[in-house]
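Asks: Give me the fold of what follows.
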Amino acid sequence: MTLTPIRTAVVGYGLSGSVFHAPFIAANPAYSLEVIATSDAGRQAKAQERHPGARIVNGPEDVLALAGELDLVVLGTPPATHHPLAKAALEAGLDVVVDKPFAVTSTQGQELIGLAARLGRVLTVYQNRRWDGDALTVKKLLDAGTLGEVMRCEASMERWAPEISKAWKAGATADDGGGLLFDLGTHLLDLAVQMFGPAEVIHAEILARRPQEKADDDVFLVLKHASGVISHVAMNVNSQLHASRFRVLGSKGGFVKFGIDPQEPFIVSGGRPTDGAYGVDDPHHYGTLEIDGVRSTVPTERGAYQEFYRILAEKIADGGAASALPLPVDPAGPVEVLKLIEQARTLA
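Replies: Residues are numbered from 1 along each chain as shown. Have a look, this model is predicted:
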């Protein structure tokens, strides 16, 4: 394995680039954060302050012009740009991380997978919620067989956001990758498929309740998995009283968990992935396990978004696309999520 740092560029420095990507790249010595691209003057100043060793440029075209000095590009840009920018980066000889949603159609996603394979480049998708503490806790219970045969899983991500805070989201239709189904739905559907296997959508409610919403902001889907599990997934930004994050019912017991994962707010508040308190859940938000009428508290597994970049670094250092090591996220999974979204839209 090579010990040369992976020369990395982050394109986009909104929430995605500034919270979910740059801090984790900067904290991992396997990487060198060389370039950050954003055209917003305020974001440029923040990027320079937080990452003084990085070169700040205006846009993706500037990053592509530096392709010969880079190894990896991370796309934290609006969804409609993912396909063309990932395609251009792969063709420029770079490995690529695409934030979710992978693309705005499953066809686009499959095209990128084929292109990466032909060019021998690493391509992966940032489905970071696989490393949420609550998702890791559910996975631990499932792996241990604690709940028995699972019959139903309910998963939700709800917020109260009566106004649309980002300009691109305010103007984005579903065709542009706008709306909650592409935003939070890609997380919930990915987790459902990861936990319970392939599925089909058998019921869909896709609504736009905010007057200014051009796509969707209140979504409820029912999935039927080949394993027999039924998943209910809900995402809503019109909720002042939030549902549980997970409720899983099995033949031996049930588990319920409330509260949001602490990793994003921790980084937003100025914390770092290397801090001792990073990823640690508030005990008040621990989940509840009930078996035969007896309830017990289940401590939340520590959140671990940094695992994505650790696994990716090992893959690249071991030979990249030629390595037998796994990707942090095989992009075939996010393509299946896009197909579920397409199914849902035909039913709604």
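Asks: Not counting its own residues, what contacts stretch 50-58?
Replies: Contact with stretch 50-58 is made by 18, 22, 26, 33-39, 44, 47-48, 63, 66, as judged by CB atoms under 8 Å, 6 or more residues apart in numbering. Bear in mind the C-beta positions are built from the backbone N, C-alpha and C, glycine included.
Asks: again, 10 Å this time
Replies: Under the contact criterion CB atoms under 10 Å, 6 or more residues apart in numbering, stretch 50-58 has outside partners 8-11, 13, 18, 22-23, 25-26, 32-40, 43-48, 62-63, 65-66, 69, 270.
Asks: so of those, which ones are in helices?
Replies: For the contacts of stretch 50-58, membership in helices holds for 22-23, 25-26, 43-48, 62-63, 65, with DSSP state H as the criterion.
Asks: would you turn the residues you listed into JSON lines with pLDDT and distance to residue 92?
Replies: Output for the ones in helices among the contacts of stretch 50-58, formatted as JSON lines (pLDDT from 0 to 100; distance: CB to CB, whole Å):
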{"residue": "22", "pLDDT": "98", "distance to residue 92": "21"}
{"residue": "23", "pLDDT": "98", "distance to residue 92": "25"}
{"residue": "25", "pLDDT": "98", "distance to residue 92": "19"}
{"residue": "26", "pLDDT": "98", "distance to residue 92": "23"}
{"residue": "43", "pLDDT": "97", "distance to residue 92": "24"}
{"residue": "44", "pLDDT": "97", "distance to residue 92": "23"}
{"residue": "45", "pLDDT": "98", "distance to residue 92": "28"}
{"residue": "46", "pLDDT": "97", "distance to residue 92": "27"}
{"residue": "47", "pLDDT": "97", "distance to residue 92": "22"}
{"residue": "48", "pLDDT": "97", "distance to residue 92": "25"}
{"residue": "62", "pLDDT": "98", "distance to residue 92": "12"}
{"residue": "63", "pLDDT": "98", "distance to residue 92": "9"}
{"residue": "65", "pLDDT": "98", "distance to residue 92": "9"}
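Asks: Can you add neighbour count and distance to residue 195 and give those residues back as JSON lines?
Replies: Shown next, in JSON lines, are the ones in helices among the contacts of stretch 50-58 (neighbours: other CB atoms under 10 Å; distance: CB to CB, whole Å):
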{"residue": "22", "neighbour count": "24", "distance to residue 195": "29"}
{"residue": "23", "neighbour count": "22", "distance to residue 195": "27"}
{"residue": "25", "neighbour count": "28", "distance to residue 195": "28"}
{"residue": "26", "neighbour count": "20", "distance to residue 195": "31"}
{"residue": "43", "neighbour count": "18", "distance to residue 195": "36"}
{"residue": "44", "neighbour count": "17", "distance to residue 195": "40"}
{"residue": "45", "neighbour count": "12", "distance to residue 195": "41"}
{"residue": "46", "neighbour count": "16", "distance to residue 195": "36"}
{"residue": "47", "neighbour count": "24", "distance to residue 195": "36"}
{"residue": "48", "neighbour count": "14", "distance to residue 195": "41"}
{"residue": "62", "neighbour count": "16", "distance to residue 195": "40"}
{"residue": "63", "neighbour count": "28", "distance to residue 195": "36"}
{"residue": "65", "neighbour count": "11", "distance to residue 195": "42"}
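Asks: From the residues you listed, pick the one nearest residue 209.
Replies: The nearest member of the ones in helices among the contacts of stretch 50-58 to residue 209, counting by CB to CB, is residue 43 at 30.1 Å.
Asks: Could you tell me which residues make contact with the residue sitting nearest the centre point of the chain?
Replies: With distances taken as CA atoms, centre = their mean, the residue of the chain nearest its centroid is residue 127 (2.9 Å). Taking CB under 10 Å, 6+ apart, we find residue 127 in contact with 99-102, 186-187, 189-191, 194, 308, 328-331, 333-334, 337.
Asks: again, 6 Å this time
Replies: Counting by CB atoms under 6 Å, 6 or more residues apart in numbering, residue 127 touches 100, 190, 329.
Asks: Which helix or strand in the chain has the lowest average pLDDT?
Replies: helix 167-171 (a mean of 84; mean pLDDT, DSSP states H and E).
Asks: Report the buried residues of that helix.
Replies: 168-169 (16 or more other CB atoms under 10 Å).
Asks: Give me the distance between that helix and the centre of its chain.
Replies: 20 Å (CA atoms, centre = their mean, to the nearest Å).
Asks: Save the ones in helices among the contacts of stretch 50-58 as a markdown table, and put in distance to residue 166 too.
Replies: Listed next are these as a markdown table, based on distance: CB to CB, whole Å:
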| residue | distance to residue 166 |
| --- | --- |
| 22 | 18 |
| 23 | 20 |
| 25 | 23 |
| 26 | 24 |
| 43 | 12 |
| 44 | 18 |
| 45 | 19 |
| 46 | 16 |
| 47 | 18 |
| 48 | 22 |
| 62 | 22 |
| 63 | 22 |
| 65 | 27 |
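Asks: of all the residues you listed, which two lie farthest apart?
Replies: Farthest pair in the ones in helices among the contacts of stretch 50-58 (CB to CB) is 23 and 65. Separation: 25.5 Å.
Asks: which helices and strands does the one helix or strand residue 85 maps to pack with?
Replies: Secondary structure from DSSP states H and E places residue 85 in helix 82-91. If contacts are counted by 3 or more CB pairs under 6 Å, 6 or more residues apart in numbering; DSSP states H and E, helix 82-91 sits against strand 72-75, strand 95-99, helix 106-119.
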